[in-house]
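> this is a predicted model, with the sequence first.
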Amino acid sequence: MIDAPIRWSITFSLLALLLLPGTTAEAQNMEGQQLKRTLPPDTAVTQTDRVTVKGEEVPYEVTTGTQPVYGENDSAIASLHYTYYRRTDVDDRTRRPLMISFNGGPGSGSLWMHLGYTSPKRLKISDEGFPTQPYGVQDNPHSIINKADIVYVNPVNTGFSRILDEDVKRETFFGVNADVEYLADWIDTFVSRHNRWRSPKYLIGESYGTTRVAGLAGELQNSHWMYLNGVILVSPTGLGLEPAGPSPRSEALKLPYYAATAWYHDQLPSDLQTRDLQDLLSEVENYTVEQYIPAVTRGGFIDSTRRQSVAQQVARYSGLSKRFVLNHNLAVPADAFWKQLLQEQGYTIGRLDSRYKGVDPKNAGDEYDYPAELTSWNHAFTPAINHYLRTDLGFETDLKYNVFGPVRPWEDDNNDTGEQLRQAMAQNPYLHVMVQSGYYDGATDYFSAKYVMWNLGTRDTLRDRLRFEGYRSGHMMYLRAEDRGRANDDLRSFIKNSIPEEGTPARYGPTRK
């Protein structure tokens, strides 16, 4: 419950004021012209609240608003919408972590991790993550607000973020490297405005957001001289390190995910079905690395006896038929798996979370008609974020909240974000990285995420700063109540372990006296 009146803090130019919908100035200056929905580039509304986390009552301040993106001549060319949670009973913020949160897409708003994962408010959903009515939010007893302040950022054209200068080229924002460059500058401004330069700083990104934060780790360090303590990759993409796909090797890496999903839906042989999931996956992972990948790399030149043996084992682990595996030359594409696994029962399974089932008009075909999981999530998240921002927090605007915004065409060339993160780790001994993945995520499967992590830690000197955590859920593993609690606990321990004792030098090797 909100326990203090709204406090407005609005700073914008006279021009921005004239553009505010519904103002007298707008009516006088736009008489006879079509009105345009817009927001001032620099505005905020703040409220206070409190939440109980781990038995501790935590008072906090929540500010939602806009902050400009500045162009080459230091004029505002875009405005990013954000929501910032700050614990209020902390006097010294030099040891208080700041976590900067991004979602993916790349055209996705920040609502997913905002209302699903780390903030003091969470979505009203079932314990397994399915929509419930009435829609809305409630206190999140697992929030990391007890250990870190958090800001959720909407990149250009997501959420309420918009381009202001119509003459600016879209390539300024919409591409792997352009995205990283302008967001790093925006973060620099935010950290300066809120006096957080001395705080331990963390980036957390989900899905494409992992590409974003991996690149930001390097860009912030190299161009803004901002050094981080941690980067969290939630359901990570390939970061430029994964085998190019679709390819036999990239499809082979999905076998542990296929096994997890088939286990969940009771599609495995009885001797595998009765085993604990974790124990089973360890076996499948080992088979994938030691036997499956070497086999598919031989392509059409694999020995026929070995081909039959591999097809039999892949079928056994995946819940598919041997013939189906052979028909796909041993490497079954994910879209075929989603259509085929429960075909006899009349269902498809979800891409981002394969616990979800869908219904197609016919069983035939190579892929499902709609993503069952995403339809369910939109059902729950969209009404909740709109009501929370507009009504609970009092952020008034006629703009549409872009759950998914127009960011195409997106420039994907020269993606070396994984290498940027590796270099940032090498140059900054304080920097730690954690990967969080759901076993039932078929879009950014957990074993490919392990592969990416292994290829970040190509030197033994980095391995002790890399951590992997898996969960019995999907892409947004935090939607399942049990995993939401554990994942937030993992964040707390990651933060604790990545903040050195006061006075510890950032250097390799022992400190000599």
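That came through, no problem.

> bridged to the residue nearest the centre of the chain, which residues?
Closest to where the C-alpha atoms of the chain average out (Cα atoms, centre = their mean) is Glu206, at 1.0 Å. Residues in a beta bridge with Glu206, per DSSP bridges, are Val234.

> my guess is it contacts Gly104. True?
Yes - Glu206 is within contact range of Gly104, at 5.5 Å (criterion: Cβ atoms under 8 Å). Using the backbone N, CA and C atoms, a C-beta is placed for each residue, glycine as well.

> for the helix or strand hosting Gln420, name the packing helices and strands.
Here Gln420 sits within helix 417-427, counting by DSSP states H and E. When contacts are defined as 3 or more Cβ pairs under 8 Å, 6 or more residues apart in numbering; DSSP states H and E, helix 417-427 packs onto helix 208-223, helix 446-456, helix 460-463.

> at 7 Å what do you get?
Helices and strands touching helix 417-427, by 3 or more Cβ pairs under 7 Å, 6 or more residues apart in numbering; DSSP states H and E, are helix 208-223, helix 446-456.

> among these, which is the most enclosed?
Stretch with highest mean neighbour count among the helices and strands packed on helix 417-427: helix 208-223 (a mean of 25; mean count of other Cβ atoms under 10 Å).

> measure how far it is from the centre of its chain, please.
Its chain's C-alpha centre and that of helix 208-223 lie 13 Å apart, by Cα atoms, centre = their mean, to the nearest Å.

> now do it against helix 417-427, angle only.
50 degrees (axes from the mean of the first three to the mean of the last three Cα atoms, to 10 degrees).

> contacting residues around helix 208-223?
102-106, 176, 179-181, 183-184, 187, 203-205, 226-228, 231, 233-234, 236-237, 239, 415, 417-418, 420-421, 423-424, 427-428 (Cβ atoms under 7 Å, 6 or more residues apart in numbering).

> which of those count as buried?
Neighbour-count burial (16 or more other Cβ atoms under 10 Å) applied to these gives 102-106, 176, 179-181, 183-184, 187, 203-205, 226-228, 231, 233-234, 236-237, 239, 415, 417-418, 420-421, 424, 428.

> strands - which of those residues land there?
Per DSSP state E, strands hold the following members of those: 102, 203-205, 231, 233-234.

> Serialize those residues to TSV and add fields for distance to Asp91 and pLDDT.
Output for those, formatted as TSV (distance: Cβ to Cβ, whole Å; pLDDT from 0 to 100):
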residue	distance to Asp91	pLDDT
Phe102	29	97
Leu203	26	98
Ile204	26	98
Gly205	30	97
Val231	28	97
Leu233	33	96
Val234	31	96
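
> out of those residues, who's nearest Pro500?
Val231 (16.3 Å; Cβ to Cβ).

> pretty sure that closest one contacts Leu203?
Yes - Val231 is in contact with Leu203 according to Cβ atoms under 7 Å; the separation is 5.0 Å.

> show me where pLDDT drops low in the stretch 401-513 of the chain?
Applying pLDDT under 70 to the stretch 401-513 of the chain flags residues 458, 510-513.

> just the buried residues of whichever strand or helix holds Arg484, please?
Element membership for Arg484, per DSSP H and E: helix 481-498. Neighbour counts over helix 481-498 (16+ other Cβ under 10 Å) mark 481, 483-484, 486-488, 490-492, 494-495, 498 as buried.

> which neighbouring elements make contact with it?
Looks like helix 481-498 contacts strand 230-234, strand 432-438, strand 466-471 (3+ Cβ pairs under 7 Å, 6+ apart).

> ok, for Tyr258, nearest residue in space, not its chain neighbours?
Nearest residue to Tyr258, sequence neighbours excluded (Cβ to Cβ, 6 or more residues apart in numbering): Ser318, at 4.0 Å.

> how much space separates the one you found from Leu183?
From Ser318 over to Leu183 the distance is 39 Å, taken as Cβ to Cβ, to the nearest Å.

> next: Leu342.
Note on Leu342: its distance to Leu183, by Cβ to Cβ, is 40 Å.

> strand partners of the longest strand that the chain contains, parallel vs antiparallel please.
Looking across the chain with DSSP E, the single longest strand is strand 56-70. Within its sheet, strand 56-70 is paired with strand 43-53 (antiparallel), strand 76-87 (antiparallel), according to DSSP bridges.

> need the CA coordinates for it. CSV is fine.
Below are the C-alpha coordinates for strand 56-70, written out as CSV (Å, rounded to 0.1, in the frame of the first residue of the first chain):
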residue,chain,number,x,y,z
GLU,A,56,12.6,-7.7,6.9
GLU,A,57,10.5,-4.7,6.2
VAL,A,58,12.2,-2.7,3.5
PRO,A,59,11.1,0.9,2.8
TYR,A,60,11.7,2.1,-0.7
GLU,A,61,11.1,4.9,-3.2
VAL,A,62,9.9,4.2,-6.7
THR,A,63,10.4,6.7,-9.5
THR,A,64,9.1,6.2,-13.0
GLY,A,65,9.7,8.7,-15.7
THR,A,66,11.7,9.6,-18.8
GLN,A,67,15.4,10.6,-19.3
PRO,A,68,16.8,11.9,-22.6
VAL,A,69,19.1,10.2,-25.1
TYR,A,70,21.5,12.9,-26.3
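
> can you give me how far that strand is from the chain middle?
19 Å.

> list the buried residues for it?
58, 60-70.

> burial count for Thr391?
11 (other Cβ atoms under 10 Å).

> before we move on, what about Ala443?
Ala443 is flanked by 19 other residues according to other Cβ under 10 Å.

> my read is that it contacts Leu352, right?
Yes - between Ala443 and Leu352 there is a contact at 5.0 Å, judged by Cβ under 7 Å.

> Arg355: what's it in contact with?
By Cβ under 7 Å, 6+ apart, the neighbours of Arg355 are 264, 440, 474.

> wait, what's in contact with the last one?
Listed by Cβ under 7 Å, 6+ apart, the contact partners of Gly474 are 352-355, 373, 438, 440-441.

> let's see which of those residues end up in helices.
Mapping the contacts of Gly474 onto helices (DSSP state H) picks out Glu373.

> out of the contacts of Gly474, which is nearest to Ala380?
Taking Cβ to Cβ as the measure, Ala380 lies nearest Glu373 of the contacts of Gly474, at 11.2 Å.
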